[in-house]
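Engineer: Structure for the following, please:
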Amino acid sequence: MTVNNAVAQRISKLLKEKNMTQYRLEQRSGIQHGSMQCIMNGRNKAVTLSTVIMLAKGFDITLTEFLDDDIFNSEELEIEQ
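Structural biologist: Just a heads-up that it's a prediction; the model follows:
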């Protein structure tokens, strides 16, 4: 699993937990719809730290809280170089 896939799965999980729509997250985070679609559909090669920080702010959580998920600790997580 790529980092992008892990971020997309984390977004989906948090959207459900917070009962939030993707559109609302886009508004709150400042991430453009097209960029969010690329993340969610796996068309993005690598998500930047800036984007993850924006996502965390959109969810009104810290970066640490966003990354505090087993998906980011997986042995199968592929780190792109």
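
Engineer: State whether Ser50 is indeed within a helix.
Structural biologist: Yes. Counting by DSSP: H, G, I helix; E, B strand; the rest coil, Ser50 is located in a helix.

Engineer: just the helices in this structure please.
Structural biologist: For the chain, applying DSSP state H gives helices covering 3-17, 22-29, 33-40, 49-58, 63-67.

Engineer: contacting residues around Ile79?
Structural biologist: Shown in contact with Ile79 (CB atoms under 8 Å, 6 or more residues apart in numbering): Val3. Placement of C-beta: from N, CA and C, glycine included.

Engineer: Tell me how far it lies from Ala46.
Structural biologist: Per CB to CB, to the nearest Å, Ile79 is found 9 Å from Ala46.

Engineer: Same check on Glu75?
Structural biologist: The value you get for Glu75 to Ala46, if CB to CB is used, is 19 Å.

Engineer: out of the two, which sits in the busier spot?
Structural biologist: Using other CB atoms under 10 Å as the criterion, Glu75 and Ala46 rank with Ala46 on top: 12 against 4.

Engineer: Was I right to think that one contacts Val3?
Structural biologist: Yes. Counting by CB atoms under 8 Å, Val3 is a contact partner of Ala46 at 6.4 Å.

Engineer: ends of stretch 26-43, how far apart?
Structural biologist: End-to-end distance for stretch 26-43: 17 Å, by CA to CA, to the nearest Å.
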